[in-house]
Structures are given as C-alpha cells and as structure tokens.
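Novice: What follows is a protein structure lacking sequence information:
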Ligand SMILES: Nc1nc2c(ncn2[C@@H]2O[C@H](COP(=O)(O)OP(=O)(O)O)[C@@H](O)[C@H]2O)c(=O)[nH]1
Ligand SMILES: [Mg+2]
C-alpha cells in the first residue's frame, strides 16, 4: 500500500483541561475518518499546565496511537510552544504538513479537511480567515474586542505588506488557524531568532512563509466563542504584535534597500541644491544673463547629482546586482540618465506647472513635494528595480 503523506495537527495548550479531551475525541472519531488521503496525527504541546491538561492527553494516548505530547516544564508562550511543535513534527513525526489549531474549539475541527484540500490543490500555506466571505467573528464578541481585532489586523497587514499585493490578499494576518507545507518552507524557516515567543509569532511565521515564496490562500473561518477555559490574550499582546510586525518590515531586505535608495536620493537632492549655487557663482564670471546662467548651472548640478545617485546605488543599494565597469554599465547609465530626466525633471515640472496654474503660485512648494513623493520616488524605485538593476536570476 502506498504510504500516505503525514499531516500533524499541533495544538498548544495552557490550562485547557476542560476542552482538550473532547477535542482529541472529536478529531480522531469525527474529523479524521473522513480524510482518506492523509495520515493525520495530533501533537499537543503543553507547558505542564497547572490544571493537568497533559494528564488528560496522557490518558487519551492509550486510546489513540497517533496522539503525541510534547511537554515542557517551563511556560514558553504560544510562539515558543509552536516552535517546539514544528520541530517535533519534523524530526519525530516526519510531517509533510503542519496545522496550527487552538485547543478550545474556537477553530472548528472540521476545517482541517478544508485546509488539507487546499494543500492538495497545490497551495503551500493556507490561512483560516474571519474576514472573507463565509468567515465570521464570534457572536459573543463585544464592540471593543471586535474593534481591536479589526483595526489590529488591518494595521498589522499594512505594516507588513503595504503597498504590495499581499496587503490585499491576506485579509486575516492574526488568525491562528493555518496549514503549512514542510518541504521547502517550514524546514527552511528560521525559528531560532524570533522577535516574539508570544502571539506575535503568528506574524513572523506568516512573514517568513510568504518571504520563502509560499503559494498561499485563505479559507473561510467561523471563529467560535471559547468552549471552556480562559483566553491567554493579555493586554500587552496588541503592543507586542505591533512591535513584531514593525521589526519584521524594518529588517526586511526590500525595506533595507528602500532606505538606502531614499538616503542616496536625498543626498542627490542636496548635491543638486549646493551644485546649483556653486556653478551659478562660477558661471557668473562668464555669463551675464541670470536666466541663462542658472539654466546651465542647474543642468550641470542635476547631472552631478544623477552621477552620484547612479554610482552610490550601484555600489550600495543594488550591490548584489552591481553592474561592473563596461559597455553594459554605460548603456544602463544612459538609460538611468534619461529616466532621471523624465521622473526627476519633466514630470515634477509638469505637475508644478499644472498645479500652480489651477491653484496659484503659493502652492509651488506643495506641488514640488507632492510630485517628488508620489511620482519621482515610486517611479525611480520601479525603474531601478525593474530596468536598471534587474535581479540576476
Ligand atoms: N503551550 C502553551 N500554549 C499556550 C500558551 N498561551 C496560549 N496557549 C494556547 O494557544 C491556544 C490559543 O490561545 P487562546 O488563549 O485561545 O487565544 P485566543 O483564541 O486568541 O483567545 C490555546 O489552545 C491556548 O491554550 C502558552 O504559553 N503555552
Ligand atoms: Mg482561542
């Protein structure tokens, strides 16, 4: 008989004695029998809960051979528990897929079927979402809890992914119900350097999976009220999640690149400004007309700034894609020059011209700043990444 792929449902528990037994029974007797193409195992990760959750699990192990328990003497937080669970699933249970699920029936166990179906369809990462059609929040949630969940999720998404497509496609980044493919993803993830061992881990795993190029999708999650026991969400959880998403974005290679690009761009602006004054003074000896003199002075200063931007970006921002000295570099520099004239001179000039025409001369600086932020910067970033320093495959 062909061996089935292995799915491990990981359930972290802390004082869930009142629901874990029911959960295990339900999974083994109701959920798993209808899943024909996966070998399903359950791994409970307990931190020696004072209420004796692990004892319930140990008793159930006599009944179900595919039930496992990872017990730690120390309370490590939900993130710490999942790291342990993921490692155990890979080394001891040879998991092909790991599923993250709460032990309190807030995640309907029947969704395991849907998660695995999406994996069968070729997805590497499947998230249960409360925010897509068919997904719901608990009926019993008051305004405050709902508000925090909605706004918190939105802000977390923005900080992590705005303005990329992921921002729009991942609707529920704080959701705890997920399935992840092990090969190429969970086995390559860095679990040694997490910013958060508590609930923020959810953002880190999400960020890493997406960063590893996982094909992802969402399935509707009808998030229930707790079956029994108490929520472990603490007042500092929201703060901790924000800290985590901020650090994730800040340390992302693309952000680091963007900061370098921005710094160089700013230096370029300063060079242009100082250059204009210096050249204007020098040319003052040869050219009498102020207008003609400043035109030439600015053209020279702008070119100096363009050379500066190209050289520094080539050596710093895009050092991995660095163009070595030669014909190609000269060709790319020519393109860079033309695109800089377009994005940095022609476009802002047109915006300033049109803006002041309609709103008056007082708005000159306003339109200059607006044009630089909304046209020059994004356009340059796009041109540099896509045309000048195209990623070497
Ligand atoms: N092992 C372990 N499990 C935890 C810890 N904190 C939370 N959990 C479990 O993680 C799951 C989700 O936590 P829960 O409090 O239900 O979060 P909520 O659903 O967002 O309110 C539950 O099964 C908890 O028992 C922890 O420090 N250690
Ligand atoms: Mg819960």
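Specialist: On my side now, so go ahead. Because the structure is a prediction, the values reported are computed rather than measured. Numbering: from 1, shown residues only. Ligands and ions are numbered 1, 2, ... in the order given.
Novice: So which residues on the stretch 101-250 of the chain come close to ligand 2?
Specialist: 102, 104, 106 (Cβ under 5 Å from the ion). All C-beta atoms are positioned from the backbone trio N, CA, C, and that covers glycine.
Novice: overlap between these and the residues near ligand 1?
Specialist: Within the set of these, contact with ligand 1 (Cβ under 6 Å from any ligand atom) is found for 102, 104, 106.
Novice: Reduced to three states, what does the residue of the chain most remote from its centre come out as?
Specialist: Distance from the C-alpha centroid of the chain, by Cα atoms, centre = their mean, peaks at residue 288 (57.0 Å). On the three-state scheme (DSSP: H, G, I helix; E, B strand; the rest coil), residue 288 is labelled coil.
Novice: That one and ligand 2, how far apart?
Specialist: Applying Cβ to the ion, to the nearest Å, the value for residue 288 to ligand 2 is 79 Å.
Novice: residue ranges with poor pLDDT in the stretch 1-150 of the chain?
Specialist: 1 (pLDDT under 70).
Novice: quick one: the helix or strand harbouring residue 19 near ligand 1?
Specialist: Residue 19 belongs to helix 17-26 when assigned by DSSP states H and E. No. In terms of Cβ under 6 Å from any ligand atom, no part of helix 17-26 sits within range of ligand 1; the closest distance is 8.3 Å.
Novice: And that helix, what does it pack against?
Specialist: With contacts defined as 3 or more Cβ pairs under 8 Å, 6 or more residues apart in numbering; DSSP states H and E, the packing partners of helix 17-26 are strand 6-13, strand 39-46, helix 53-61.
Novice: okay if I get these as TSV plus distance to residue 221?
Specialist: Putting the helices and strands packed on helix 17-26 into TSV (distance: least, Cβ to Cβ, whole Å) gives the following:
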stretch	distance to residue 221
strand 6-13	15
strand 39-46	19
helix 53-61	24
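Novice: The ones you listed: which one's closest to ligand 2?
Specialist: Proximity to ligand 2, assessed across those by Cβ to the ion, is greatest for strand 6-13 (10.0 Å).
Novice: so, in contact with ligand 2 or not, the closest one?
Specialist: No. Strand 6-13 does not reach ligand 2 (Cβ under 5 Å from the ion); its nearest approach is 10.0 Å.
Novice: Run through the strands of the stretch 1-150 of the chain in chain order.
Specialist: For the stretch 1-150 of the chain, the strands defined by DSSP state E, counting those that start in this stretch cover 6-13, 39-46, 67-71, 97-100, 125-129.
Novice: Make a markdown table out of the ones next to ligand 1 among the residues of the stretch 101-250 of the chain next to ligand 2 and add neighbour count.
Specialist: Converted to a markdown table, those look like this (neighbours: other Cβ atoms under 10 Å):
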| residue | neighbour count |
| --- | --- |
| 102 | 22 |
| 104 | 22 |
| 106 | 19 |
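Novice: okay, those residues in JSON lines with distance to residue 82 next?
Specialist: Output for those, formatted as JSON lines (distance: Cβ to Cβ, whole Å):
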{"residue": "102", "distance to residue 82": "11"}
{"residue": "104", "distance to residue 82": "16"}
{"residue": "106", "distance to residue 82": "16"}
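Novice: Between those, which sits nearest residue 252?
Specialist: residue 102 (28.5 Å; Cβ to Cβ).
Novice: Hmm, residue 176 and the closest one touching each other?
Specialist: Yes. Using Cβ atoms under 8 Å, residue 102 is in contact with residue 176, at 5.8 Å.
Novice: Verify the contact between residue 202 and residue 174 for me.
Specialist: Yes. Counting by Cβ under 8 Å, residue 202 touches residue 174, with 6.1 Å between them.
Novice: And these two? Which one has more around it.
Specialist: residue 202 (23 against 19; other Cβ atoms under 10 Å).
Novice: mind checking how far that one is from residue 250?
Specialist: 18 Å (Cβ to Cβ, to the nearest Å).
Novice: do the same with residue 293
Specialist: For residue 293, the distance to residue 250 equals 45 Å [Cβ to Cβ].
Novice: ok, these two, which is more surrounded?
Specialist: With neighbours defined as other Cβ under 10 Å, residue 293 and residue 250 compare such that residue 293 has more, 19 against 11.
Novice: What strand or helix carries the more buried one?
Specialist: Per DSSP H and E: helix 290-312 holds residue 293.
Novice: Mind checking what helix or strand follows that helix in sequence?
Specialist: Next along the chain after helix 290-312, taking DSSP H and E as the criterion, comes helix 327-340.
Novice: Tell me the gap between that next one and the middle of its chain.
Specialist: Mean C-alpha position of helix 327-340 versus that of the full chain (Cα atoms, centre = their mean, to the nearest Å) differs by 33 Å.
Novice: what's the average pLDDT for that helix?
Specialist: For helix 327-340, mean pLDDT rounds to 96.
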